[in-house]
Every structure is written in C-alpha cells, then in structure tokens.
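> quick one: sequence plus predicted model below, questions after.
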Amino acid sequence: MTSKLIRLTIIVLFSMSSVGCSAVRLMQTRAGVAVTKTVEEKPEERRTPLTRRDFQLDFSASGSQLGVRLEYRPYYSLETQEIVTYTPDAKATTAELLMGLTTSSLFVWAFVDNLVETGEVAVNDDGELYNVTEFDWDGASSLQKAIIIGVPLDMVLSYYAGRAKMKVQEPWKKKGEFPDAWQLLGNHPYRIDLPDHNFGKDYQSRTGNDRIHVRQFLTGIRNPIAFMDVDSVSVRASTDFDGKGYKKTLRFTTQSQLQPFREVALADKGIDMFSTGKPRLMPRPEVTFQWNENPLQAGKVASLWVTVKNTGKGTLYRLTALTVSPDATLNNRELKFGKIDPGDSMSVSVAFKIDKLKRTQDIPIQIRFAEYNDYVPRNIESLLRVVENPRPKFNYAYRVVDGGTATSVGNGDGIFQRGESADIQVTIRNSGSGSAAGVTARLSLLDRVGVEIYGDTFVNLQTLNSGDTKLASFNVGVKGNASINTLRLKLSIQENNFGTETHLTETISLPISQVTAPKIKDLNLIAWITSNSAQVYNGASNATTIRAELPQDSQVKVSGQIGEWYRVELNIQDQKTTGWIRSEQLTTAKSERPSHSEEKKPQVVFQNTPPTLTLLEPEQHEAVVEEDELVIQALAVTNKGIKNAVVTVNGKNRNIEVHRRNATQQSSQTVFRIEESVPLSYGLNTIELRVYDINSQTSEPIVLAITREREEMRNDYALLFGVNSYEHFDPWHKLTNPIPDAEAIGNELKNRYGFAVEVVEDPSRDEVLTKINEYARKQYNDNDQLLIFFAGHGYYEERNNIGIGYLVASDTFPPEADRGKSSYISHGDLRERIENIGCEHIFLIVDACFSGAFDAPVAQFNRARGANRIPDDVTKRQFIKQSLAYKTRWYLTSGGKEYVSDGTPNQHSPFTRRVLDALRSTGGGKHGILTLEDIGRYVEKATPQPRAGEFGTNAPGSNFLFIRK
C-alpha cells in the first residue's frame with residue numbers, strides 16, 4: 001500500500017515537473033515578464049454622487065419684466081480602472097529549447113522502453129514479416145507513466161502560453177471630486193423686495209427660470225405715485241438653499257429702466273398707457289401749457305403743466321410728449337398722457353431742477369408729441385426765463401504793519417526790511433450783490449528761503465454780506481540773512497455757495513528794502529490836502545500799494561516823517577490806522593489852510609477792484625429789431641486804466657476801441673467811452689461786452705439778447721369770380737361790371753400789394769366749386785392770406801320760414817326750373833367749403849344781391865374796429881406778426897337781404913368802387929398796411945349799406961392785411 005502511494009506521488013510530481021515549462025510561461029505572463037504590456041486608451045469610470053452642491057441666483061430685467069433664474073450644480077467623486085493586456089514574446093529562450101529537447105527525449109525513452117512483442121507476426125507492405133509490438137502501460141514504471149502523461153500536456157500548455165493574450169483589470173483609482181452641469185431649480189421659493197419702499201412678495205419658482213411683469217409685482221403697493229419722481233429704484237431678489245441665504249440687487253437709474261415703474265404710477269393717476277385701438281372717428285388734440293413760475297430763480301424747481309384736450313370725435317391712444325431743449329436739464333423728459341376719450345382732457349406736469357449756478361438766460365424748450373395712430377397736436381415752444389442768484393465778489397486791500405503791534409517787529413515805515421516781521425492786514429470786501437457764506441482767507445509763501453509765516457495761515461471769516469468788509473491778519477517775517485528782494489505771497493479767498501466761480505486768488509508782491517531801516521521822526525501836526533486828490537500809500541515808498549485816497553481840502557493829522565513822506569492818521573471804517581502821503585500833496589502851513597477844510601473820510605482803494613460798465617445804448621438788454629446792425633454805447637470806469645474792450649457776438653470775439661474822457665475832479669477814476677456797431681444775424685444774437693484794466697481784471701459783462709426777425713414767409717392769394725353772362729337770360733339778365741370789377745380789384749391787389757391773382761370769368765357752378773376745391777388742396781404757410789371775391793347775380797329764397805341765400809353761376813337755371821337748387825351755390829355750401837380751406841387767413845367779399853344772407857347773425861363791420869388799430873409804438877413787423885397770430889374768417893357783402901346795383905356800365909358797381917378807393921388810398925394805411933377797419937371806413941357809407949361779420953372758426957383779435965409792396 002505504501003509503495004503504491006509513493007508511486008502515485010512520483011507520477012503526479014513528475015507530471016507537474018514535466019509541465020514546468022508551461023507553468024513557467026503562464027507565471028511569466030502573469031508577472032509581466034517576457035511579455036508586452038498594453039493599456040487601453042479609455043479606462044472605465046465610476047461616479048459616486050456627493051452631498052455637496054453649488055447654487056447661483058441670477059436676477060435681471062428686460063423691458064417691463066424681471067427675470068429670476070435659480071440654478072444648482074451637484075458634485076460627484078470620479079474613479080477610474082485601467083484594462084491591461086499582456087502579450088507573450090513569440091521567440092523562445094535557450095532554456096525553453098533545452099527543456100523541450102530534454103522532455104521530448106524522456107518521452108521517447110519512456111515510450112520505447114515499454115514496447116513489448118506480442119508473439120504475433122505481420123506482413124508489411126513490402127511483403128516482409130515483422131514481429132508485432134505494443135505499448136505495455138502496466139509494465140511502465142511510475143516515472144515513465146508520469147513522463148508519458150506530462151510531456152504532451154506540457155506541449156499543449158506551452159502552445160497556449162506562447163500565443164494567448166491576457167487582459168487584467170487594475171484596481172480602481174480615485175481621480176477627485178468634480179462639479180456636474182448646472183441645473184434649473186424648479187419648485188423652489190424666492191422673494192422679490194423693494195428695500196426703499198418696504199414692499200415685497202414671495203414666489204414659488206415653476207421651472208427655475210421665471211419672468212415676472214413689473215406691473216404684476218407692484219400690485220398692492222401703497223402710494224405707487226411715488227415712482228413718478230424717483231431717480232432710481234432698487235429691486236432685490238433673495239432665497240435660501242442648503243441652509244445658506246442668497247440675494248442680488250438691481251438698481252434702475254435710466255429712463256428706460258424706470259419706465260415700467262412710472263407706468264404703474266401713471267395708472268394710479270388714471271393715465272392709461274396700455275390700451276390701444278383704431279378710432280372710429282377722428283380725434284383732435286388741443287394743447288395748452290403753463291409754468292408754475294416764470295421767470296424762475298436759479299436753484300428752484302420749474303414745473304411745466306401741459307394739458308391736452310381731445311376736441312375730436314375719436315379716442316387718442318398712448319399720447320406722449322418729449323421735451324427738446326439745448327439745456328440738458330430741460331432736455332429729453334417724457335410726459336405721458338395715455339388714452340384720452342372725446343371731450344376729455346389730461347394734464348401732466350414735468351419738473352426741472354435748475355442749477356443754482358445758472359446765469360440769467362432764456363432757455364428754449366419745445367414739446368414734441370407722439371400718438372399711437374399719429375394723431376398728434378402741433379409742437380409747442382416756450383422760453384423759461386432763469387434769473388441768476390446774486391453773486392458775491394471779493395475785493396481786498398492790505399497794509400504792512402511793521403511795528404506797534406503785539407506780533408510785529410520793525411520801524412513802522414510800512415516797508416519790509418531784513419530782520420523785520422510785519423502783520424499783513426488784509427481787508428476783504430464783498431462788493432457783489434449776493435451774500436457770501438463760509439468765507440475763508442489763506443495766505444501762503446511763494447518763496448520760502450529766508451522768510452517765514454508765524455501763526456495761522458488760515459482765517460475763517462464766516463458770512464460776508466453784500467457791501468460788508470472783514471479783516472484777516474497774518475504775521476510774516478524776513479530773516480536777517482534773506483537774499484530775496486521781493487516777498488511774494490499768495491492770497492486765496494473762497495466761499496461755499498458758488499464754487500470756483502467766486503474764488504479769488506491773487507499774488508501779492510512786497511518790496512524788501514535794501515537799506516537799513518530809517519528812523520521815523522515823530523510829529524504832531526495838522527495838514528491839508530492841496531492836490532486834487534492824495535494817494536495814501538501803505539508804506540513810505542511809491543513801490544508800495546495805494547491804500548486809500550483823500551479828496552482835496554481834507555484835513556489830516558500828521559504823526560511822523562521819513563524824508564519826503566508824511567505818516568498820517570486815518571480812520572477807515574471806524575478803525576484807526578496810518579498811511580503815508582508824499583509831502584507835495586499836502587501842506588502844514590497855517591497860512592495856506594483853506595477856509596472850508598474839514599476832516600473827511602478816506603476812500604479805500606481795493607487792489608482788485610475791476611472796471612465797471614454802464615450801458616447807454618440800446619436802452620433795453622433785450623430787444624427785437626429788423627436792422628442788420630446794432631450800435632452799442634457804454635461807459636467804462638476804472639482807477640487803473642483800460643487795457644482793452646472785447647465784444648462777443650454769438651461766440652465770436654473782437655477787440656474794440658475805447659476813448660478816454662476827462663477824469664472827474666477829486667477822484668483818481670477815469671471814464672472811457674465805448675461805441676461800436678456790431679452785425680446781427682437772423683434770429684437770436686447773444687452779445688457780451690467786457691472791458692479789461694491794465695491788470696487784466698475784467699468787468700461784469702453787459703449781456704444783450706437781440707433778436708433780428710426774419711420776414712415771415714407769407715404769400716397772399718386772390719381768387720376772383722366775375723359773372724357777366726348767363727345761359728338762362730330770364731331771369732338772369734346780363735350784367736356789365738362783374739368781370740371788370742374783378743379785374744380791377746385783381747390789378748390793385750397784384751400791382752400794389754403783391755397778391756398772386758387769378759380771375760375766373762363767367763364760371764359755371766361746377767367751375768366755381770372746382771376752383772375752390774383746388775385752393776383747398778394747396779399747401780399754405782401760417783401767415784398766408786386768401787381773398788375770395790365774387791361778383792354777379794344772387795338769389796334769396798324763404799323756405800319753411802328760413803331764408804336761404806344763393807350765388808348764381810353762368811349755368812344756373814331759373815328758380816322754377818330747378819326747385820332743388822342743384823345748379824345754385826348756396827351760401828351754406830360756400831361757407832363750409834371756404835371754412836375747410838387750409839389757409840389760416842381768409843377774407844370773402846361778395847358783390848351780389850342778397851349777399852347779406854351769407855351768415856345768419858348779420859353783423860356790422862365795426863365789430864372789427866378797435867382791435868385792428870395800429871398802436872404808435874408798434875413796428876410794422878410786430879404789427880403783422882400780432883395781427884396774423886389769430887385765425888381769420890371774415891366776410892364783407894355789398895348789402896343785406898336786398899337787391900344791389902350793378903352800376904353804370906364801365907363805371908364799376910357802387911360797392912366795388914368803394915373797395916377800390918380803399919385799396920388805392922394814399923399811403924395804404926399806417927406803415928403801408930390796410931386793415932379790415934380801414935376797408936370798413938371806405939365801404940360803410942355805400943348804399944345799400946354793406947354787411948360784414950365773422951364766420952366759421954374765426955378767432956377773436958383776427959385781421960386781414962393788405963401790405964404795400
């Protein structure tokens with residue numbers, strides 16, 4: 001039993017060892033030895049969701065909608081696994097070849113060694129006998145059996161191991177944590193607020209990308225009218241996500257952004273900017289406007305109220321207006337009127353905050369309208385008169401006090417010497433017309449070598465009213481080793497209200513004496529000024545500035561002397577001080593004392609007092625003229641002399657001459673005369689006149705606003721009908737004068753008054769109406785005039801107790817043959833057709849029987865009197881402009897409801913003769929203009945008495961003018 005077990009073990013072990021080559025190949029493949037290793041390009045990935053998430057809130061606005069977008073982004077963990085392919089080398093190694101040869105030899109040995117003869121004989125193919133052998137398995141030893149089994153198996157495994165590829169999955173490797181794509185977050189709560197208005201609403205997101213109309217959001221807000229005047233609106237969106245709060249705020253500042261909010265305010269005021277439609281009948285907007293205050297003080301708010309009334313029959317939709325002005329404050333402001341039903345009106349105001357620094361001026365503004373269906377009124381124009389705030393203006397005077405005060409060290413001669421410190425006392429005056437608040441004065445050194453400022457360099461003077469003065473004192477010292485000859489200081493005076501416009505910055509240059517400080521001789525004398533006026537200097541030298549002036553015969557007290565200079569005691573603005581006068585300007589001799597001498601107050605001379613200008617011609621700063629030139633005359637007054645004068649016309653400068661006048665006695669001021677002729681352009685001419693003194697200080701400008709009017713574009717038309725001959729002689733007998741009357745009036749209008757004349761002879765009814773319709777289709781300017789004259793037969797008929805008047809054309813049938821009067825021209829038809837002509841100014845003259853029935857309320861021509869007279873102080877151009885400012889619809893007839901005479905043949909009718917007399921009158925009225933009143937004075941005495949009146953849409957104050965060429 002034991003021997004069998006041992007043999008089996010040997011067989012198995014040898015079999016295993018005999019396949020060792022194959023096993024080794026397999027192990028080599030596993031270990032990557034003697035193989036080629038290939039990694040696949042795309043490894044496998046494995047994502048594991050994480051709890052981490054990002055969130056973003058996007059808040060936007062487009063048009064009248066708010067956009068809220070909620071998005072989140074989850075994170076995941078990413079792992080990868082590589083797939084590796086092992087391919088064995090095709091070429092066998094030497095060891096493998098030796099192993100194969102050895103195992104093959106063992107297999108042959110084991111097999112051959114166990115072949116035994118069976119005792120049988122067999123014949124081969126060649127006929128030879130041979131002994132039959134067979135393999136004796138049972139006779140084989142255990143080793144031989146193991147070899148016989150193991151070697152073939154090894155060959156099979158070797159074949160497989162040499163050709164098979166092996167794929168191996170590597171372990172999973174973590175690459176990191178990555179964000180996924182953004183996703184909309186639906187069904188999530190958020191809130192929209194107006195932080196400044198304590199209003200908000202909660203919403204639930206539907207898709208995560210919501211649009212909310214501003215009008216819907218603002219439903220329920222208190223006082224929506226507040227949005228009309230705001231300059232900005234803040235809107236905030238907020239929400240919570242994963243325990244964290246998010247918010248985003250938008251600030252709307254532009255007109256388009258604020259528009260949806262203002263539309264809600266408009267709706268609260270009853271202004272409907274949402275409705276649209278097509279009117280079934282024509283609407284007609286009429287506009288009026290009014291300023292809350294005009295003129296307006298700069299710094300105030302100007303409110304313009306615009307009222308639109310719909311006098312038509314249809315509805316106006318989405319009516320808006322826009323302001324247009326060269327001034328940015330008044331420009332591009334929108335007014336919304338919305339829907340206006342027939343008969344209704346809507347008033348809207350717009351406010352303009354006028355800058356307090358604005359100068360006096362007329363600011364033009366135009367209101368342009370737009371409407372959904374283009375039914376717009378005429379644009380309106382206006383001028384806002386802004387009156388400037390009175391400005392302060394600073395002048396100053398200064399003196400050098402180099403002794404006698406608690407802070408100065410010097411000899412008291414008013415001149416700096418080395419080794420001295422002096423008080424620079426600056427007297428500041430507000431010579432302007434306005435008060436100055438927060439006034440400060442600052443003194444600084446321009447040269448710092450050898451000089452020093454002691455103490456404060458800044459003085460707060462607070463308020464300085466117009467005409468008031470205040471003192472600012474600074475202490476400056478010149479060291480003994482200073483090498484400069486002039487002390488240069490910078491003086492700066494400022495105030496709070498008008499910015500840099502009123503700031504004053506000056507350089508003060510003080511001489512530093514090169515000699516040892518002289519000693520002042522004390523005196524106690526009374527002196528009198530002998531020159532026309534004496535200049536009081538700050539120091540005993542002409543190099544110092546003039547501080548004041550004393551008139552002739554003034555009495556002064558002399559307290560000291562240095563050479564030819566006297567120190568005098570002064571009382572300036574109730575303050576005792578001193579100054580220096582040259583000895584030749586006064587006397588101390590009692591014998592020369594004037595009998596009328598007295599102590600007079602000195603006139604303070606301020607260093608930067610600019611010249612003053614007084615306008616002589618023209619008398620008014622604003623004027624309307626017809627001339628192409630304007631003569632300007634002015635006087636300039638200064639105590640320093642005039643350097644030059646400049647006139648600016650519409651932004652273009654040019655220098656002009658000035659002529660010196662004799663100076664007024666007892667004053668150092670000099671008067672200069674300015675006279676200049678400047679060309680004028682059509683329209684508004686802005687003219688500024690300034691003068692500059694020798695220190696380049698400029699006067700306050702004289703500003704003129706001169707408008708040169710261009711002659712209004714005006715055409716005068718005359719359409720004249722004369723009917724002499726009639727197709728139906730009975731009852732319309734032939735007339736002799738209508739055509740000559742029409743031609744005569746036409747000639748006068750053409751030759752004397754420049755009318756474009758058209759005479760129509762013997763027209764039929766259709767020709768009359770066609771010609772009137774032709775004139776109705778013409779395009780007219782605002783000041784165009786149209787005179788229509790008709791001479792011929794007339795007819796009157798009583799129908800149902802109502803009288804109807806007619807004009808008779810050349811083809812009109814007799815009354816009994818045309819009971820419907822279709823061949824006649826009724827006064828009512830004529831009146832309506834003329835009323836619809838687009839010309840603003842129409843005058844109808846009818847020389848026919850029964851023409852007084854033209855308008856039911858017959859009026860005497862004197863209704864036009866009074867208002868048509870030309871005032872003496874009104875120019876021709878002004879009168880034309882005023883007279884043609886109102887719509888004209890006047891008629892003049894040769895009689896009432898009665899027959900009128902045709903007149904003697906070739907002698908004109910009595911009525912036409914009177915009209916011709918008026919047209920041919922000497923001078924043609926004042927300024928060569930005939931008015932309705934002038935015509936009336938000539939025709940009112942005709943027999944029968946003419947009738948006159950207004951018809952249609954005639955406006956009060958209207959007129960019709962005949963203007964000589």
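Perfect, thanks for sending it. Since this is a predicted model, take the numbers as computed values, not measurements. Numbers count the residues shown, from 1 in each chain.
> residue ranges with poor pLDDT in the stretch 151-300 of the chain?
Low-confidence segments of the stretch 151-300 of the chain (pLDDT under 70): 161-164.
> try 80
Within the stretch 151-300 of the chain, the ranges that satisfy pLDDT under 80 run 154-167, 228-229, 255.
> all the strands of it, in order from the start?
166-169, 173-179, 183-184, 189-194, 199-204, 209-213, 233-241, 244-252, 285-291, 296-297 (DSSP state E, counting those that start in this stretch).
> what domains does the record give for the protein?
2-39+84-169, 44-81+185-269, 282-311+333-387, 390-518, 520-608, 612-708, 716-963 (automatic domain parsing).
> so which of these gets nearest K175?
Evaluated over the domains of the chain, closeness to K175 peaks at domain 44-81+185-269, with 4.5 Å, by CB to CB. (C-beta placed from N, C-alpha, C; glycine too.)
> ok, back up a step: would you reformat the domains of the chain as CSV and include mean neighbour count?
Output for these, formatted as CSV (neighbours: other CB atoms under 10 Å):
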stretch, mean neighbour count
domain 2-39+84-169, 14
domain 44-81+185-269, 15
domain 282-311+333-387, 16
domain 390-518, 17
domain 520-608, 17
domain 612-708, 15
domain 716-963, 18
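> quick check: G270 vs G220, distance?
18 Å (CB to CB, to the nearest Å).
> for the residue most central in space within the chain, report the pLDDT, please.
The chain has A328 as the residue nearest its centroid, 4.3 Å off, counting by CA atoms, centre = their mean. On pLDDT, A328 comes in at 93.
> all helices of the stretch 1-150 of the chain, in order?
For the stretch 1-150 of the chain, the helices defined by DSSP state H, counting those that start in this stretch occupy 2-18, 20-31, 94-112, 142-163.
> check those helices for me: which has the lowest mean pLDDT.
helix 20-31 (a mean of 48).
> output stretch 102-115 as PDB, nothing but the C-alphas.
Coordinates of each C-alpha in stretch 102-115 appear next as PDB, following Å, rounded to 0.1, in the frame of the first residue of the first chain:
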ATOM      1  CA  THR A 102      15.000  17.000 -22.700                       C
ATOM      2  CA  THR A 103      11.300  16.300 -22.100                       C
ATOM      3  CA  SER A 104      11.000  15.000 -25.700                       C
ATOM      4  CA  SER A 105      13.900  12.600 -25.100                       C
ATOM      5  CA  LEU A 106      12.400  11.400 -21.900                       C
ATOM      6  CA  PHE A 107       9.100  10.800 -23.700                       C
ATOM      7  CA  VAL A 108      10.800   8.700 -26.400                       C
ATOM      8  CA  TRP A 109      12.700   6.800 -23.800                       C
ATOM      9  CA  ALA A 110       9.600   6.100 -21.700                       C
ATOM     10  CA  PHE A 111       7.600   5.000 -24.700                       C
ATOM     11  CA  VAL A 112      10.200   2.900 -26.400                       C
ATOM     12  CA  ASP A 113      11.200   1.200 -23.200                       C
ATOM     13  CA  ASN A 114       7.800  -0.200 -22.700                       C
ATOM     14  CA  LEU A 115       7.200  -1.600 -26.200                       C
END
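> how far off centre is that stretch?
A distance of 115 Å separates the centroid of the chain from that of stretch 102-115, by CA atoms, centre = their mean, to the nearest Å.
> just stretch 381-391 next, same as before
19 Å.
> okay, and for the stretch 501-650 of the chain, where does confidence drop off?
514-517, 532-533, 547, 572-575, 589-610, 626, 639-641.
> could you point out the longest strand in the protein?
strand 44-62 (DSSP state E).
> CA-only coordinates of that one in PDB, if you can.
The C-alpha coordinates for strand 44-62 follow below in PDB (Å, rounded to 0.1, in the frame of the first residue of the first chain):
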ATOM      1  CA  GLU A  44     -13.600  52.700 -17.200                       C
ATOM      2  CA  GLU A  45     -15.100  55.400 -15.000                       C
ATOM      3  CA  ARG A  46     -17.200  55.200 -11.900                       C
ATOM      4  CA  ARG A  47     -19.100  58.200 -10.500                       C
ATOM      5  CA  THR A  48     -20.400  58.400  -7.000                       C
ATOM      6  CA  PRO A  49     -22.800  61.300  -6.100                       C
ATOM      7  CA  LEU A  50     -21.800  63.500  -3.200                       C
ATOM      8  CA  THR A  51     -24.000  65.700  -1.000                       C
ATOM      9  CA  ARG A  52     -22.000  68.900  -1.900                       C
ATOM     10  CA  ARG A  53     -23.900  71.400  -4.200                       C
ATOM     11  CA  ASP A  54     -23.300  74.800  -5.600                       C
ATOM     12  CA  PHE A  55     -26.100  77.400  -6.100                       C
ATOM     13  CA  GLN A  56     -26.400  80.600  -8.000                       C
ATOM     14  CA  LEU A  57     -29.200  83.300  -8.200                       C
ATOM     15  CA  ASP A  58     -29.400  85.300 -11.300                       C
ATOM     16  CA  PHE A  59     -31.600  88.400 -11.300                       C
ATOM     17  CA  SER A  60     -32.100  90.600 -14.400                       C
ATOM     18  CA  ALA A  61     -34.500  93.000 -16.000                       C
ATOM     19  CA  SER A  62     -35.600  93.300 -19.600                       C
END
